[in-house]
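S.K.: Model the following, please.
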Amino acid sequence: RRENLLDMRQNGFGDTTILERLRRSLMKMPRRVSSAFERRAAVVLPLCNVNGVPAVLFEKRARHLRAHPDEVCLPGGMVSVGDDKSIVGTCLREMEEEIGGMEHDEITVLGVLRCN
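M.R.: A predicted model of the protein is given here:
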């Protein structure tokens, strides 16, 4: 198991004032997208702390992949209609598949940005 350097609760983004301001701002955005639909995709903007420094977590795609090989990107992907109950569910599932090593009780969803 790799060392867990990612923690939303220490320093930086762990400041509840900052997180609450982000959450309130996101709540002001239009929130019509709540259900998972066929042919819809989602990405996560993962905010975390790396060794106590606030950061955005990106991933690097493998070289052998057919689409967008060796590119840096945000975790995400297509909705799985049978498995995903919402866009948030899609995001969390994709992030777990692509990055892994995160405990669900350590993840806080601050909001949803409308994607259409």
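
S.K.: Which parts of stretch 47-64 count as buried, going by neighbours?
M.R.: By 16 or more other C-beta atoms under 10 Å, the buried positions in stretch 47-64 come out as 47, 48, 49, 54, 57, 59. For the C-beta atoms, the positions are set from N, CA and C on the backbone; glycine is no exception.

S.K.: what about it, start to end distance?
M.R.: 28 Å (C-alpha to C-alpha, to the nearest Å).

S.K.: And stretch 65-85, by the same measure?
M.R.: First-to-last distance for stretch 65-85 - C-alpha to C-alpha - comes to 27 Å.

S.K.: quick one on the thing from earlier: closest to residue 104 among the buried residues of stretch 47-64?
M.R.: Using C-beta to C-beta, residue 48 is the member of those that lies nearest residue 104, at 14.7 Å.

S.K.: I'd say that closest one and residue 55 touch.
M.R.: Yes - look at residue 48 against residue 55 with C-beta atoms under 8 Å: they come within range, at 5.7 Å.

S.K.: Okay, now the unreliable bits of the protein?
M.R.: Residue ranges of the chain with pLDDT under 70: 1-16, 29-38, 114-116.

S.K.: give the contact list for the residue positioned nearest the centre of it.
M.R.: Geometric centre of the chain, nearest residue: residue 44, 2.8 Å, by C-alpha atoms, centre = their mean. Contact analysis of residue 44 by C-beta atoms under 8 Å, 6 or more residues apart in numbering lists 74, 75, 76, 91, 92, 94, 95.

S.K.: likewise residue 104?
M.R.: Neighbours of residue 104 in contact, by C-beta under 8 Å, 6+ apart: residue 92.

S.K.: Thank you, goodbye.
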